[in-house]
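[1] kindly generate the corresponding structure for this input.
(2 chains)
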There are 2 protein chains.
Amino acid sequence: MAAGTRHAATGELCVDRADPAICRAAIRSGAFTGQTAGLAPGFVQGNVIILPASYAGDFLRFAQANPKPCPLLAVGEPGDPMLPGLGADIDIRSDVPRYRVFRDGVAAAGEPTDIGDLWQDDFVTFVIGCSFSFEEALIQDGLEVRHVARGRNVPMYRSSIPLTSAGRFGGGMVVSMRPFRAADAIRAIQVTSRFPAVHGAPVHLGDPVEIGITDLAHADFGDDPIMEAGEIPVFWACGVTPQVAVEAAKPPIAIAHAPGHMLITDLRNARLAVI
Amino acid sequence: MAAGTRHAATGELCVDRADPAICRAAIRSGAFTGQTAGLAPGFVQGNVIILPASYAGDFLRFAQANPKPCPLLAVGEPGDPMLPGLGADIDIRSDVPRYRVFRDGVAAAGEPTDIGDLWQDDFVTFVIGCSFSFEEALIQDGLEVRHVARGRNVPMYRSSIPLTSAGRFGGGMVVSMRPFRAADAIRAIQVTSRFPAVHGAPVHLGDPVEIGITDLAHADFGDDPIMEAGEIPVFWACGVTPQVAVEAAKPPIAIAHAPGHMLITDLRNARLAVI
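    Next up, the predicted model:
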């Protein structure tokens, strides 16, 4: 449904989908509730995790200790839904197309499009870099990013790659997978190495079993992969990892973006490149 | 024999093997005729190919068109055996431990330690970057470079990766192979990408058959590989490629270094890093 909504909506919006502020306004108004891939090209999109202040200290240490899956782009002030460091007038209560609400570490049914009624005075917002930034760089380099080329969500998996625990947060890394032929995999490593703020270089390539993935054909999040003969699976740390850490920490409430439904910021992808 | 000579000789030289000029003096005098791995650490070593001037123009275009296997560090003046751009008093007729002489594209028996008697007034010397430079960076990064750790020569293979032909020079790329576990392979790609002047990033990883190598266990040049379970073969373009191109071009005479017996220069490896 999300993908259909996205395509219909972007056609129907009749607004400048290249402008991040206009995209956010459409999201805030409820006119757009789909996945954000392809919106505001050139601008950084972020993974979102919102936690009560009593869990925020542990999560901050968790993110600091696990920068590959959890590269922090911004941390909000306790109780303040605005994120001035990421763009003009960003209100995290309304500016994400769809949210997931976790209670005691369990995702509740339904994906609300606004969390104004759930907001608490002690909520702290974390925004984490997203692979959309480096995917744009890969595509600009001439590589085919399969799921983008096919209009799908990236396949994501729970891996056995251990995370450094911090307080109640811990568990295994979530990884995203993109298939490439060998020469393109080498180039993809070079390109993504330039973007440490958005997961950077891959964490694994080749045999999925080595990182605890026994069924590559079936993704734990996102869409199942489409691979062609002679391609190698290449795995990157994924910003869905905090959602798995929330399953472990079991805070009374936590709110995240729905996978693929990201926060669109005013930061430019190009500014994240280290060279 | 070469390896034994090297170890015995470096023990017997009783000179400062860290100093490139002293190493070259030992080589020029004939006191040292072994492989040069481990000599003058921190300094660039080079692959050597010497051709008659009538072939030099084609080869120069060949190298320019194939920079991964043939990254040129220096080109000598026709007839001049000195290479001032690479260090003090370098005489290419005597300063390589062992040479290979090709006649009509066929390597002659024997590996002379001096080519003063073969030198011609029309000879042009080409010095090409060598993987020793990036291997040093890999080891400094904490990676195990297997053949170095085991005191062996790197395994090299004739691949089916096509070269861009120039005049009479052409053929398939020679590649060197180093095995790594996946995470280390990714790091090795990052590290070697910084050294484009010495082959740079790998050209392939994974299935050897994809690049025409049907028997990975038996190297075409150097020593056979030692691989451990869970390791991926990673392939770099190799400076032995010009010797294969000479087989195709069939010049009446061509002189190269014997594999592993490199020219030691006064250039520093660190200066080859692009960032």
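[2] what lies in contact with stretch A:79-93?
    A:20-21, A:24, A:28, A:44, A:46, A:48, A:50, A:53, A:73-74, A:76, A:114-116, A:119-123, A:125, A:127, A:263, A:265-267 (Cβ atoms under 8 Å, 6 or more residues apart in numbering or on different chains). Where you see a C-beta, it was placed from the backbone N, CA and C, and this is true even at glycine.
[3] tell me where chain A has helices.
    If DSSP state H is used as the criterion, the helices of chain A fall at A:2-13, A:20-28, A:53-65, A:132-140, A:146-149, A:182-193, A:241-249.
[4] turn the ones you listed into TSV, including mean neighbour count.
    Putting the helices of chain A into TSV (neighbours: other Cβ atoms under 10 Å in any protein chain shown) gives the following:
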stretch	mean neighbour count
helix A:2-13	15
helix A:20-28	21
helix A:53-65	18
helix A:132-140	22
helix A:146-149	18
helix A:182-193	22
helix A:241-249	24
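[5] do you know which of the ones you listed lies nearest chain B?
    Within these, the stretch nearest chain B is helix A:182-193; the backing value is 4.6 Å (Cβ to the nearest Cβ).
[6] so what's the residue most central in space within chain A up against?
    The structure's chain A has its C-alpha centroid closest to A:Asn47; by Cα atoms, centre = their mean the separation is 3.8 Å. Residues counted as contacts of A:Asn47 (Cβ under 8 Å, 6+ apart) are A:127-130, A:239-240, A:242, A:256-257, A:262-263.
[7] same check on A:Arg98?
    For A:Arg98, the contacting residues are A:2, A:33, A:111-113, A:257-258, A:261, by Cβ under 8 Å, 6+ apart.
[8] just to revisit the earlier point, next step: the contacts of stretch A:79-93 restricted to strands.
    A:44, A:46, A:48, A:50, A:73-74, A:123, A:125, A:127, A:263, A:265-267 (DSSP state E).
[9] mind putting the contacts of A:Arg98 in CSV, distance to chain B and pLDDT included?
    Converted to CSV, those look like this (distance: Cβ to the nearest Cβ, whole Å; pLDDT from 0 to 100):
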residue, distance to chain B, pLDDT
A:Ala2, 32, 32
A:Thr33, 37, 95
A:Glu111, 34, 96
A:Pro112, 38, 97
A:Thr113, 38, 97
A:His257, 28, 96
A:Ala258, 30, 93
A:His261, 29, 94
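[10] could the helices of chain A be laid out in CSV, adding distance to A:Leu272?
    Below are the helices of chain A laid out as CSV (distance: least, Cβ to Cβ, whole Å):
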stretch, distance to A:Leu272
helix A:2-13, 24
helix A:20-28, 15
helix A:53-65, 17
helix A:132-140, 6
helix A:146-149, 18
helix A:182-193, 11
helix A:241-249, 19
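[11] looking at those, which is nearest to B:Met227?
    helix A:182-193 (17.0 Å; Cβ to Cβ).
[12] what angle separates the closest one from helix B:182-193?
    80 degrees (axes from the mean of the first three to the mean of the last three Cα atoms, to 10 degrees).
[13] what mean pLDDT does helix A:182-193 get?
    In this model, helix A:182-193 has an average pLDDT of 96.
[14] which positions in chain A make contact with chain B?
    Proximity of chain A to chain B is confined to A:182-183, A:185-187, A:189-190, A:193, A:201-207, A:210, A:230, A:232, A:275 under the rule Cβ under 8 Å from any Cβ of the partner chain.
[15] where are the low-confidence patches of chain A?
    Low-confidence regions of chain A, defined by pLDDT under 70, span residues A:1-15.
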